[in-house]
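> Predicted model and sequence below, questions to follow.
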Amino acid sequence: MNEVRVLPLKYCIPGLMRAGSDVAVGGNVILRRGAVITDGIIGALKKNEVPEATIILNSESQDYYSDYKMNKPAEQCLAEYALGYKKIKRDLMRIFIKRSYTYENIRAIAEMLIANASGVSKGSVFLCVDGVRPIDEYLYTHSINVALLAYLMFGWMGMSGDEERIELVMAGLLHDIGKIKIDKNIISKTSVFDAAEMRIIKKHPLYGHEILCEIDGISDRIKEAVYSHHEKINGSGYPRGLKGGDIGLFARMLSICDIYDAMMANKVYRPRQSSFHVFDVFMNDKLNGNLDFEMVTMFLERISGDFVGKMVKLDNGLSGKIIFMNPVDYSRPMVQVGKLIINTETDRVAVTDVLD
């Protein structure tokens, strides 16, 4: 007799698993023991706030249950990180709203973020960046996520020095501070900015630089990073149209972190982008000379490694596990669906979402 195990819905794979017990809501059975679990059934369970299902373990579902067991410690780590994250966001909101952005206050938040992030694995940190992001409070959430990603990049690039790391994280926290000088009706707009509004939005690096110049103790390196984080290597950025080596190291790092997090965020006028759509955008930016070639190559290589073993949904309706990330085009991985191996590049199939 096959074993049965309880599995959270996000680990239940449509078409490959069968229910291990009946599920009834309000006296109505919405899932029968032995029935194949489908997208429709998962949707009905979610609608009725049923968070998990009992599945029958067989040769196909055993691997997915093993993935769940392996991910449980990371998910616990994520929950613990989220508690610290909430405090960091509250403190950052308080500083921005009350305009109490002293060097000491900002540094204290940067140190708290580093301490909070150092206790979790890289893979769990990316779960944090992707998972803790309400649509409202975007400025604060985004600023913390950019600082967190910059903290990771610092290590990936083999950089050293506690003071340099603190300054980079502070620059991440402050990179969008200039937006507090922009009309709230524009910042909180629930649709795409028009050309006139975009011209105003593009002034925020200048405004941020002006604010930081009034804060005692903020280093020139932090000021310059905030001023230049929207500059592009090929000179197509703003506000000064700087090129190549004229753009500081910190600014080039923040540019990558800023784009990644902005595309991964839910916005009122646009849902979050698939990680694999983001990979595609980054590959184009790299080839078009918008971003530092070596940095973005390293960034993509590092983050893509965490997707091996992840469950994803394909645009042909199937779901499966990534078994290989294509280093030539990270948006086109190889995916295992049961015993079938799909090469999304040659089979012309796209990943539409990451399921866990």
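Now that the structure is in, tell me what you want to look at.
> quick one: the helices in the chain?
In the chain, the segments counted as helices under DSSP state H are 39-47, 61-98, 103-117, 122-131, 138-156, 162-174, 184-187, 195-201, 204-212, 220-228, 249-264, 275-288, 293-304.
> check contacts around F282.
F282 sits next to I256, I259, Y260, L291, V296, F299, L300, Y330 when contact means CB atoms under 8 Å, 6 or more residues apart in numbering. Where C-beta positions appear, they are placed from N, C-alpha and C, glycine not excepted.
> For the third one, list the residues it contacts.
The contact partners of Y260, by CB under 8 Å, 6+ apart, come to L149, V278, F282, F299, I303.
> pull the helix or strand with minimum mean pLDDT from this protein.
helix 122-131 (a mean of 57; mean pLDDT, DSSP states H and E).
> Quick one: closest of the helices of the chain to V6.
helix 61-98 (9.6 Å; CB to CB).
> what's the average pLDDT for that closest one?
Per-residue pLDDT over helix 61-98 has a mean of 70.
> Buried ones in stretch 246-265, by neighbour count?
Under the neighbour-count criterion of 16 or more other CB atoms under 10 Å, stretch 246-265 has 247-265 buried.
> about what we covered before: quick one: closest of the helices of the chain to N316.
Of all the helices of the chain, helix 39-47 sits nearest to N316, with 12.9 Å by CB to CB.
> still on that earlier bit, of all the contacts of F282, which comes closest to K232?
Nearest to K232 out of the contacts of F282 is L291 (CB to CB; 7.2 Å).
> dump the residue contacts of that closest one.
By CB under 8 Å, 6+ apart, the neighbours of L291 are K232, I233, R252, S255, I256, I259, F282, D285.
> distance of it from F276?
Distance, L291 to F276, by CB to CB, to the nearest Å: 18 Å.
> What residues does the closest residue to L168 other than its chain neighbours make contact with?
In space, and not counting its chain neighbours, L168 is closest to A150: 5.1 Å by CB to CB, 6 or more residues apart in numbering. The contact partners of A150, by CB under 8 Å, 6+ apart, come to L168, V169, A171, G172, F250, M253, L254, C257.
> I figured the first one hits F250, correct?
To tie it back to what came earlier, the one meant is L168. Yes: L168 lies in contact with F250 (CB atoms under 8 Å); the separation is 5.6 Å.
> Which residues are in contact with each of these two?
A150, A225.
> my guess is T38 meets I13, correct?
No: checked against CB under 8 Å, the pair T38 and I13 is beyond contact range at 10.4 Å.
> tell me how far stretch 276-284 is from the chain's mean position?
Chain-centre distance of stretch 276-284: 13 Å, with CA atoms, centre = their mean, to the nearest Å.
> can you check stretch 169-177 too?
With CA atoms, centre = their mean, you get 17 Å for stretch 169-177.
> And the contacts of that stretch?
Contacts of stretch 169-177 (CB under 8 Å, 6+ apart): 92, 96, 101, 106-107, 109-110, 113-114, 139, 142-144, 146-151, 154, 204, 207-208, 211-212, 218, 221-222, 225-226, 229, 250, 254, 257-258.
> ditto for stretch 235-246
Under the contact criterion CB under 8 Å, 6+ apart, stretch 235-246 has outside partners K202, K203, P205, L206, Y227, S228, H230, E231, I233, N234, S255, N290.
> hang on, the earlier thing: and of the contacts of A150, the nearest to G26?
C257 (46.8 Å).
> give the contact list for C12.
Applying CB under 8 Å, 6+ apart, the residues near C12 are I37, I42, A53, I55.
> Contacts only, for the third one.
Taking CB under 8 Å, 6+ apart as the contact definition, A53 lies against V6, L7, L9, C12, A19, G20, V23, L31, I37, L45.
> doesn't A44 make contact with the third one?
Meaning L9. No: counting by CB under 8 Å, L9 stays clear of A44, with 10.6 Å between them.
> ok, and the closest non-adjacent residue to E3?
Closest to E3 by CB to CB, 6+ apart is L57, at 4.6 Å.
> So the one you found versus D285, what's the distance?
Relative to D285, and taking CB to CB, L57 is found at 44 Å.
> which regions of the stretch 251-356 of the chain sit below the pLDDT cut-off?
266-272, 356 (pLDDT under 70).
> How many neighbouring residues does the closest residue to N48 other than its chain neighbours have?
Nearest non-adjacent residue to N48, counting by CB to CB, 6+ apart: V25, 4.5 Å away. V25 is flanked by 14 other residues according to other CB atoms under 10 Å.
> Show me what V25 bridges to in the sheet.
N28 (DSSP bridges).
> Is it in contact with V50, as I believe?
Yes: V25 is within contact range of V50, at 6.9 Å (criterion: CB under 8 Å).
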